[in-house]
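Peer 1: could you work out the structure for the sequence below:
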Amino acid sequence: MNLKGKRALVTGASRGIGRATAEALAEAGAHVIVHYGSSEAQATEVVRQIRDAGGSAEAVASDLGEKVGAHRLAGSIRELGHQSLDILVANAGMLSKKNLETQDEDEFDRQLTVNVRAPFFLVQQLLPLFGPGASIVLLSSISARRFVGFSAYAASKGAIDAMVISLAVELGPRGIRVNAVAPGGIETELASDLKNPSVRESAIASQCLKRVGQPDDVASAILFLASDAARWVTGETLQVGGGTKL
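Peer 2: Residues are numbered from 1 along each chain as shown. You can find the predicted model right below:
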């Protein structure tokens, strides 16, 4: 899975799965564009660590919770002087931990903007930079199929599962692959409830592999889909959840 000479953009790469993915792609030889929303210090640290390890990276900011966020990010990529892009990992996401009765409209809209609108328009705006052999990886979630509660979040990830299939069909003739990964319970800031012993115990009990998932577990799957090792894989959503609720 040698990515030497490849250019990759990872959204939401200042922490969690995005950070682990940026580091994995850089270790494989790619030049990584580390996107962040507001965590400039964390993004700068990711870039520093990649460079210190002998890799190549730079950071770029854009609020993907704004309707024009994806367009601004694509514009920033061009301003950096990049004429082509080989890998896009649309990792940035928002999780509203509210049920149907408590979900408010503003938070619902922002969640759909970050989780669905931003990946769609980012692909659209960056399409001129993708050539044959390019790989797009979107972030879904097991919540789209196997989780009860947080229905707005589940709906946004279900949209990703559908989008992957449609984009794979549409972009396949251009030689562009489109896939998704659907993580289970991963120990990140987004899943802060895993710090609760009872929640953690319940999560482990629901998995075939009896532990809590780590960002590196997902990053490895993304690296595979981004690389030529997955050259005959498109339109798929890969479940990366340790066998959650099988």
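
Peer 1: please report the distance of the residue lying farthest from the centre of the chain from Ser202.
Peer 2: Distance from the C-alpha centroid of the chain, by CA atoms, centre = their mean, peaks at Glu101 (28.4 Å). Glu101 sits 22 Å away from Ser202, going by CB to CB, to the nearest Å. Quick note: C-beta positions are derived from backbone N, CA and C, even for glycine.

Peer 1: what's the answer for Leu194, then?
Peer 2: As judged by CB to CB, Leu194 and Ser202 stand 10 Å apart.

Peer 1: again with Leu25
Peer 2: Applying CB to CB, the value for Leu25 to Ser202 is 33 Å.

Peer 1: likewise Gly75?
Peer 2: According to CB to CB, Gly75 and Ser202 sit 44 Å apart.

Peer 1: now do the contacts for Gln239.
Peer 2: Contacts for Gln239 (CB atoms under 8 Å, 6 or more residues apart in numbering) come out as Ile142, Ala182, Gly184.

Peer 1: isn't the second one up against Ala144?
Peer 2: Which is Ala182. Yes: applying CB atoms under 8 Å, one finds Ala182 in contact with Ala144, separated by 6.7 Å.

Peer 1: quick one: which of these two has more around it?
Peer 2: Ranked by neighbour count (other CB atoms under 10 Å), Ala182 and Ala144 place Ala182 first, with 24 against 20.

Peer 1: how about the secondary structure of that one?
Peer 2: strand (DSSP: H, G, I helix; E, B strand; the rest coil).

Peer 1: that one bridge partners, please.
Peer 2: Judged by DSSP bridges, the bridge partners of Ala182 are Gln239.

Peer 1: Ile136 is in contact with Arg177, isn't it?
Peer 2: Yes: checked against CB under 8 Å, the pair Ile136 and Arg177 is within contact range at 6.9 Å.

Peer 1: so what sits against both of these two?
Peer 2: Residues touching both Ile136 and Arg177 (CB under 8 Å, 6+ apart) are Leu171.
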